[in-house]
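S.K.: Sequence isn't available, so here's the structure alone:
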C-alpha cells in the first residue's frame, strides 16, 4: 500500500544531491490575504476600497480586480497598480473585471482601488482583488 496516494498510483520522490549532501526543497510560502473591499459613501473625495503594499520579504501576484456598485451612473473609480494609473476617475457601465494574469509586484510596490460619488448621492461600491503574496 502506497502512503499518501491511492494503491494504484506510483509515487516518486525526487531528491537533489550536491556533493553527496541531499538538498531538501523548502515549500513555497503563499499568503492568502483579505482582498475584498466595500464602501458606502456620498463623498466627492476618493475613498479607498482596497490598498496593499507588498512587504519587504514577499512578492505580490495580482491576477484580477473586479469592481461593482449599486449606482453606475454616479460611482467614479480609480485603480493604480505599481504606480501606473489603470482606471483614472472613470465611471463604468456595469460590473467590471480588469485582468492582470500573474502580474508580479516587487517589495514596496502597491495596488490601490478607490471610488467616489458626486458629493450628494450615496453609493455602495465593492471590489474583489485576486491577489496573493509569496515569500
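M.R.: Thanks, I have the structure now. Keep in mind that what you see is a predicted model, and the values were worked out from it rather than measured. Numbers count the residues shown, from 1 in each chain.
S.K.: Outside of stretch 88-105 itself, list whatever touches it.
M.R.: By CB atoms under 8 Å, 6 or more residues apart in numbering, the residues outside stretch 88-105 that reach it are 54, 59-68, 72-79, 81-82, 86-87, 111. C-beta coordinates here come from the backbone N, C-alpha and C atoms, glycine included.
S.K.: what comes up buried for it?
M.R.: Using 16 or more other CB atoms under 10 Å as the test for burial, stretch 88-105 gives 96, 100, 103, 105.
S.K.: With pLDDT, secondary structure and distance to residue 21 added, can I get these in CSV?
M.R.: As requested, the buried residues of stretch 88-105 are exported to CSV (pLDDT from 0 to 100; DSSP: H, G, I helix; E, B strand; the rest coil; distance: CB to CB, whole Å):
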residue, pLDDT, secondary structure, distance to residue 21
96, 92, strand, 53
100, 96, strand, 40
103, 96, strand, 37
105, 97, strand, 35
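S.K.: now, which of the residues you listed sits nearest residue 17?
M.R.: residue 105 (35.0 Å; CB to CB).
S.K.: Which SSE is immediately downstream of the worst-scoring helix or strand of the chain on mean pLDDT?
M.R.: The helix or strand of the chain with the poorest confidence is strand 21-23; it has a mean of 73 (mean pLDDT, DSSP states H and E). Using DSSP states H and E, the helix or strand that follows strand 21-23 towards the C-terminus is strand 30-32.
S.K.: Partner strands of the following helix or strand past that next one, with direction?
M.R.: Next helix or strand after strand 30-32 toward the C-terminus (DSSP H and E): strand 36-41. Its sheet considered, strand 36-41 pairs with strand 123-134 (antiparallel) by DSSP bridges.
S.K.: Point out where the protein drops to low pLDDT.
M.R.: 1-6, 9-15, 24-27 (pLDDT under 70).
S.K.: Show me where it has its strands.
M.R.: 16-18, 21-23, 30-32, 36-41, 47-53, 59-69, 76-81, 84-90, 96-105, 110-116, 123-134 (DSSP state E).
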